[in-house]
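In: Here is a sequence together with a model predicted from it:
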Amino acid sequence: MGHLDHAALGWLTPVLSYVMACIGAALGLRCTVRALGATGRSRRNWLITAASAIGTGIWTMHFVAMLGFSVSGTDIRYDVPLTIVSLLVAMIVVCAGVFAVGYSKDRARALFLGGLTTGLGVASMHYLGMAAVRLHGDVKYDPALVGLSVLIAVVAATAALWAALNIKSPVAVTVASLIMGAAVSSMHYTGMFSVSVRVSPSDAALPGATAMQFIFPLAVGLGSYLFLTSAFVALSPTSGEREASASAQRPVESVTR
């Protein structure tokens, strides 16, 4: 059996991956709050932004954490197409959950279905990402820990959607984001602790790209997207601010006339 190290770079990857999960959750929650206060095309655009932020945050968290994953006795490569598919899955399922909550009139039913769909999607993203791993050996999973990781994903997704519906203030969103980041990280490492590898030493070249060749640049790009989108959301006026600005301009217009 190969020795698995989930933090080969020390605390850097667990802490950085947690930060990325928190940023994605915070941005997604803020965008969802904006969406619920908007209508028409504006609501749709805010929901798409929320879904892309949460999906990007979850995926980036997973693969930043994977930068610290190593197995003694073998190199590790990643299947590029399958890794990209895992990102698309994260985006699509989170989008489905967010739109279910954003447009459904039956909030309780939407919360249940959206949380279940999103949670299963997040778990699928994780295990698709693991399926993209290429190494010299056989990878096996502990079914009990896999089941627990899926349960954590569903609970975390449902909690995130509930927070999007019920939490409005920036302070509450921050607290919820920290909790969500912890939940997503817990899901990831629970899934990783279910992994065992039987190494088959070989000098044959592994297919795929190394983490630094592919995962790291993509994670940096998506992380930059999260930071830039956060700046956009922070600078974009809320519906309340727009209404206040419009109200302040009306007396001026009346006096001018």
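Out: Happy to help now that I have it.
In: so where does the closest residue in space to Gly102 that isn't next to it in sequence fall, helix or strand?
Out: Of all residues beyond its chain neighbours, the one nearest Gly102 is Leu47 (4.7 Å), with distances taken as Cβ to Cβ, 6 or more residues apart in numbering. Where C-beta positions appear, they are placed from N, C-alpha and C, glycine not excepted. For Leu47, the host element (DSSP states H and E) is helix 40-66.
In: quick one: low-confidence ranges for the stretch 101-250 of the chain?
Out: 234-250 (pLDDT under 70).
In: mind running it again at 50?
Out: The stretch 101-250 of the chain contains residues with pLDDT under 50 at 241-242, 244-246.
In: can you map out the strands along it?
Out: 133-135, 137-141, 195-199 (DSSP state E, counting those that start in this stretch).
In: Identify the residues contacting the shortest one?
Out: Just to be clear, that refers to strand 133-135. With contacts defined as Cβ atoms under 8 Å, 6 or more residues apart in numbering, strand 133-135 is touched by 71, 74-79, 139, 197, 199, 206-208.
In: distance of Gly121 from Gly10?
Out: Gly121 is 31 Å from Gly10, where distance means Cβ to Cβ, to the nearest Å.
In: Would you mind telling me which of those two has the busier surroundings?
Out: Neighbour tally, Gly121 and Gly10, criterion other Cβ atoms under 10 Å: the higher count belongs to Gly121, 24 against 9.
In: Nearest residue to the middle of this structure?
Out: Ile58 (2.0 Å; Cα atoms, centre = their mean).
In: Just to check, the residue nearest to Gly102 is in contact with Ala35?
Out: Yes - using Cβ atoms under 8 Å, Leu47 is in contact with Ala35, at 4.7 Å.
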